[in-house]
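Participant: Sequence first, predicted coordinates after that:
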Amino acid sequence: MAATALEPVTAARERSYEELEAIFTGVDAPFALVDLDAMWSNAREMLDRAAGTPIRVASKSVRSRSLLTAILDHAPGFRGLMTFTLPESLWLHGHGFEDLLLAYPTAHRGALAELGRLESERRPIVMVDSTEHLDYIEAAAPQPAGPIRVCIELDIGWWPLGGRLKIGAKRSPLRSPEEARRLAGEIAARPGFELAAIMGYEAHIAGLGDRPLGKRVQEPLIRLMKRLSAAEIAERRADVVAAVREITPVEIVNGGGTGSIHTTQREEVVTEVTAGSGFFAPTLFDRYADFTLTPAAMFAMPVVRRPSGGVATLLGGGYHASGAAGRDRLPQPHLPRGLRLDPLEGAGEVQTPVIGAAAASLRVGDRVYLRHAKAGELCERFQSLYLLSGDRIVDEVPTYRGEGRCEL
Ligand SMILES: Cc1ncc(COP(=O)(O)O)c(C=O)c1O
C-alpha cells in the first residue's frame, strides 16, 4: 500500500455525492470503498476512548489483510488481532501476524492438527470454555510441538432478578470465579496446554446501540441496563481473574468491543480491549450515545432502470447483516441524500428499488452509495476495496474474499 495511504489526517468529514462521483468517474459499479480519512479519524476516536489500554483489532470486522496490516502499523495502541476462525488464524500466522487470539471455539480438526504441528512460540491462542473443548483439542492434536495456548471465555451477560432475566449473548457456560478456577486447574493439569488469556465480551453493551431503530421507548431502559451490567461485570471479572491467577499467572485479560471501549478500559483488571467495527463505522454504530464515528466503508451500486418517475432501481445490493432479522440489518442508501429503500421490496438479490426525493434525478448508469449495517460482512461481497484519501483513490487492496478466502 502506498505510504501516503497510511498517514493520519487531522479531520474527517462526511464526503458529498459529487466528491465521490468525481473520484470514481472511471470506475464501473458495483464496487466497495474505504475512506481512509474517515477510517483514521475513527481510529483516533477509539484510541482516545481506550485512554492508553491497547486495542486488539477484531479481524472479522475488517476482513482485509492489507488494512489489518495498515491498522497495526498505524499506532502502537493497536496491538494484536482477535481472529474468528482457526483456518484464518493459521493463514494470518503464515503471513507473519503474530499476536493472534481466536475469539470463538473451533471444531475444525484439520486446523487443530495443523496448530499442533506449528513450530512457533507465538502460536495463535484458541478459545475454550469447558473440558469438552480440551478433550476435543487433545484428540485432534494429540502430541503438539509445544503447548496449545488457550483462552478461557467467561459469560458476562447480566442476570438480574436472581437469574430470572438473562440479558447477553449465549456464549460461555462459565460465570463464577469458582467455575473459571476449576477449568484453569484442568488446563494446568494437562501438559499439552498453556492458559494464556481470559476473555469476556459484553455483547449486550458493546454491540447494542443506545438508540436502536424503531425502539424509542426502550432507550432509557437500555442505558440503565448498560450501567448496572457494567458495574456487575467489573466486580465479577476482577474476582474471576483473581481466582484463575491463584492457579496460573495468566497475563491477557480481554474485554469489550467498539461500543464499550470507554467503559471496559476503566476496569483495572482488563489488560486490553477489542475493537473492529469502529474502523468502518457501519450503520449500527450510528446509534450510540457516547461517541460519534464517521462512515468509512461504503459500496456503490449502479442505477439500471427507472420503473417510474419517483423510483430508481439498482442492480443487486441485498447485503443483509447477520443477527435477528429486522430493518436495522438492511443496507442503507447513503448518497445521494434523500433516498430510502422501498419497504415492500427491501434490498434485493438482483434489484433494489430506491425511492425518495433524490430518486427522480437519477439516470441509468448513475451510482448510489450505500452503507452496510455491519462492518466486515461487506467484504464477503467484494474482491477488493478502493481506498480513498483526499480527493483521490490511493490504492486498491484485496478483501479476504479477493484472496480466495471464505471464512464465514
Ligand atoms: C469476542 C468479541 N470481542 C469483541 C467484539 C467486538 O467487535 P467490534 O468492535 O468489531 O464490534 C466481538 C464482536 O462480535 C466479539 O465477538
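Facilitator: Nice, thanks for sending it over.
Participant: quick one: low-confidence ranges for the stretch 1-150 of the chain?
Facilitator: Low-confidence segments of the stretch 1-150 of the chain (pLDDT under 70): 1-11.
Participant: how does it look with 50?
Facilitator: Within the stretch 1-150 of the chain, the ranges that satisfy pLDDT under 50 run 1-10.
Participant: Contact distance from the ligand - what residues of it qualify?
Facilitator: Proximity of the stretch 1-150 of the chain to the ligand, by C-beta under 6 Å from any ligand atom, involves residues 58, 61, 82, 103. Just so you know, the C-beta spots here come from the backbone N, C-alpha and C atoms, and that holds for glycine as well.
Participant: Check the stretch 251-400 of the chain too.
Facilitator: Counting by C-beta under 6 Å from any ligand atom, the stretch 251-400 of the chain sits next to the ligand at 257-258, 274-278, 375.
Participant: please redo it, this time with the cut-off set to 8 Å
Facilitator: Contact residues, the stretch 251-400 of the chain versus the ligand (C-beta under 8 Å from any ligand atom): 254-259, 274-278, 285, 375-376.
Participant: Just the ones of these in helices?
Facilitator: Among these, DSSP state H puts 277-278 in helices.
Participant: Looking at the stretch 1-150 of the chain, which residue is nearest the ligand?
Facilitator: Nearest residue of the stretch 1-150 of the chain to the ligand (C-beta to the nearest ligand atom) works out as Ser61 at 3.4 Å.
Participant: Out of the residues of the stretch 1-150 of the chain next to the ligand, which is nearest to Gln332?
Facilitator: Ser61 (17.9 Å; C-beta to C-beta).
Participant: In this structure the closest one contacts Ala375, no?
Facilitator: Yes: when contacts are counted by C-beta atoms under 8 Å, Ser61 is listed as touching Ala375 (3.9 Å).
Participant: list residues touching both of these two?
Facilitator: Between them, Ser61 and Ala375 share these contacting residues under C-beta atoms under 8 Å, 6 or more residues apart in numbering: 276-277, 279-280.
Participant: for the stretch 51-200 of the chain, what spans make up the helices?
Facilitator: Taking DSSP state H, counting those that start in this stretch as the test, the helices found in the stretch 51-200 of the chain are 65-74, 86-94, 109-117, 131-140, 177-189.
Participant: Let me have the ones you listed in JSON lines, adding distance to Leu388 as columns.
Facilitator: Shown next, in JSON lines, are these (distance: least, C-beta to C-beta, whole Å):
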{"stretch": "helix 65-74", "distance to Leu388": "13"}
{"stretch": "helix 86-94", "distance to Leu388": "25"}
{"stretch": "helix 109-117", "distance to Leu388": "36"}
{"stretch": "helix 131-140", "distance to Leu388": "43"}
{"stretch": "helix 177-189", "distance to Leu388": "45"}
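Participant: Model confidence score at Gln383, please.
Facilitator: In this model, Gln383 is scored at 98, pLDDT.
Participant: Hmm, it is touching Gly404, no?
Facilitator: No: taking contacts as C-beta under 8 Å, Gln383 lies outside contact range of Gly404: 9.4 Å.
Participant: Looking at those two, which is more packed in?
Facilitator: The neighbour count for Gln383 versus Gly404, taken as other C-beta atoms under 10 Å, is higher for Gln383 (15 against 8).
Participant: Quick check: the gap between the more buried one and the ligand.
Facilitator: 22 Å (C-beta to the nearest ligand atom, to the nearest Å).
Participant: show me what contacts that residue?
Facilitator: Residues near Gln383 by C-beta under 8 Å, 6+ apart: 398-399, 401-402.
Participant: Setting aside sequence neighbours, what's the nearest residue to Leu378?
Facilitator: His372 (4.2 Å; C-beta to C-beta, 6 or more residues apart in numbering).
Participant: Please apply the same query to Glu349.
Facilitator: Closest to Glu349 by C-beta to C-beta, 6+ apart is Gly318, at 5.0 Å.
Participant: mind checking pLDDT for Trp198?
Facilitator: Trp isn't right for residue 198; it's Ile. 98.
Participant: I'd guessed it sits against Arg245; true?
Facilitator: No: contact criterion C-beta under 8 Å: Ile198 and Arg245 do not qualify, at 9.3 Å.
Participant: more crowded one of these two?
Facilitator: Under the criterion of other C-beta under 10 Å, the comparison of Ile198 against Arg245 puts Ile198 first, with 27 against 17.
Participant: How about the contacts made by whichever residue of the stretch 301-408 of the chain sits closest to the ligand?
Facilitator: Closest to the ligand within the stretch 301-408 of the chain is Ala375: 5.8 Å, counting by C-beta to the nearest ligand atom. By C-beta under 8 Å, 6+ apart, the residues touching Ala375 are 61-62, 276-277, 279-282, 297.
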